[in-house]
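Student: Let's see this in three dimensions:
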Amino acid sequence: MEAISIFFKRLRDLYLVNYKWNHYHIGRNFHSGRCVFLWAKHNIEIGSNFYIGKYSIIECDVAIGNNVIFANHVSLIGRYDHHFQQIGTPIRLAKQIRDKDYNWKGLNQKIVIEDDVWIGLGSIVLSGVTIKTGSIIAAGSVVTKDVEPYSIYGGNPARKIRYRFDSDDQLKEHIRLYQLDYLK
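Tutor: As a prediction, the model looks like this:
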């Protein structure tokens with residue numbers, strides 16, 4: 001029974017990568033949970049060995065590295081998806097980034113998530129942010145600014161809590177082994 005379940009999950013992932021989201025660049029060993037939504041004005045680039053948890057959304061331009069994991073309910077969203085300063089127009093009716101003639105802020109902003117990153121349950125990341133290599137975003141965080149490498153960030157807005165490893169020696173050994181095993 002387990003083998004059948006794995007087969008259908010892999011089949012579903014192949015369908016998503018090769019048909020539904022084939023206009024985006026998605027690396028090998030991709031897995032998506034249920035009810036995931038992807039959309040970008042220009043491009044979504046996803047590296048190898050990426051997992052995106054159920055009910056997560058990517059709704060902006062993004063470049064995601066290798067060996068990245070999103071928990072459930074993670075959202076990557078644009079910071080300026082609606083022209084909220086459009087004079088004389090209610091926000092609900094204002095130009096939005098999905099419109100072909102949208103020419104306001106946010107057009108060239110994207111999220112960059114480097115390798116070996118874990119984004120916790122229910123976190124939100126706004127466009128224009130870079131999450132550096134090896135970082136962790138705690139559950140429920142709202143990331144509005146860049147994240148340092150090998151650091152743990154949490155809160156709303158997200159702030160640095162601590163470094164991921166307890167010592168420089170642990171960090172150096174992690175980087176050495178990661179490069180040995182995953183950068184071939």
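
Student: which residues of the chain fall in helices?
Tutor: Assigned by DSSP state H, the helices in the chain fall at 2-15, 168-182.

Student: From the contact counts, what lies against the first one?
Tutor: Read that as helix 2-15. strand 31-32 (3 or more C-beta pairs under 8 Å, 6 or more residues apart in numbering; DSSP states H and E). Just so you know, the C-beta spots here come from the backbone N, C-alpha and C atoms, and that holds for glycine as well.

Student: and the strand it packs on, what other elements does it pack with?
Tutor: In terms of contacts (3+ C-beta pairs under 8 Å, 6+ apart), strand 31-32 is packed against helix 2-15, strand 51-52.

Student: How far does the shortest one sit from its chain's centre?
Tutor: Taking C-alpha atoms, centre = their mean, to the nearest Å, the mean C-alpha location of strand 51-52 is offset from the chain mean by 9 Å.

Student: Likewise for the first one?
Tutor: Taking C-alpha atoms, centre = their mean, one finds helix 2-15 lying 23 Å from the centre of the chain it belongs to.

Student: Identify the residues contacting the helix or strand bottoming out on mean pLDDT in the chain?
Tutor: Lowest by mean pLDDT, DSSP states H and E among the helices and strands of the chain is helix 2-15, with a mean of 89. Helix 2-15 has contacts (C-beta atoms under 8 Å, 6 or more residues apart in numbering) with 30-32.

Student: Name the member of those with the most neighbours.
Tutor: Highest neighbour count within the contacts of helix 2-15: Ser32, with 23 neighbours (other C-beta atoms under 10 Å).

Student: Quickly note the distance from it to Tyr51.
Tutor: Going from Ser32 to Tyr51 by C-beta to C-beta, to the nearest Å gives 8 Å.

Student: Check Val117 too.
Tutor: Note on Val117: its distance to Tyr51, by C-beta to C-beta, is 11 Å.

Student: With Leu107 instead?
Tutor: 29 Å.

Student: For these two, indicate the residue with more neighbours.
Tutor: Taking neighbours as other C-beta under 10 Å, Leu107 and Tyr51 compare with Tyr51 leading, 16 against 13.
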